[in-house]
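Enquirer: Give me coordinates for this.
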Amino acid sequence: MTTKDKLILRFRSKPKDFTFDELRRFLLLFGYMEEQGSGSRVVFNHAVYNHKIKLHRPHPGNILKSYQLNLIEKELQDKNLL
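Expert: Presented below is the predicted three-dimensional model:
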């Protein structure tokens, strides 16, 4: 099993400790590029599909909330990437 497969399985299991750094690596696998917004706002942009995923970087920790994982999963499923 490749690292990509392991990361996808981890994301789909919706762990309570999925970090922003893991999300960044995960979305890079699907062709998204990170763009810094203002403050803690971050946009992941897919140039080919002209698709953007907007969210706030978690703080003070690095752990994503479950609603953020659900939002990202729905966005990827809508684009048939996941």
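Enquirer: And the helices in the chain, which stretches?
Expert: According to DSSP state H, the chain carries its helices in the segments 3-12, 20-29, 66-78.
Enquirer: Any chance of JSON lines for these, columns mean neighbour count and distance to G39?
Expert: For every residue, glycine as well, the C-beta is placed using N, CA and C. As requested, those are arranged in JSON lines below (neighbours: other C-beta atoms under 10 Å; distance: least, C-beta to C-beta, whole Å):
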{"stretch": "helix 3-12", "mean neighbour count": "13", "distance to G39": "25"}
{"stretch": "helix 20-29", "mean neighbour count": "16", "distance to G39": "14"}
{"stretch": "helix 66-78", "mean neighbour count": "14", "distance to G39": "16"}
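Enquirer: can you give me how far stretch 39-47 is from the chain middle?
Expert: In terms of C-alpha atoms, centre = their mean, to the nearest Å, the centre of stretch 39-47 is set 10 Å apart from its chain centre.
Enquirer: Would you agree I63 is in contact with F18?
Expert: Yes - checked against C-beta atoms under 8 Å, the pair I63 and F18 is within contact range at 7.0 Å.
Enquirer: More neighbours: those two, which one.
Expert: Neighbours of I63 and F18, each counted by other C-beta atoms under 10 Å, are more numerous for F18; the result is 22 against 13.
Enquirer: what sits against the residue most central in space within the chain?
Expert: The chain has L23 as the residue nearest its centroid, 4.0 Å off, counting by C-alpha atoms, centre = their mean. Contact analysis of L23 by C-beta atoms under 8 Å, 6 or more residues apart in numbering lists 11, 64, 72.
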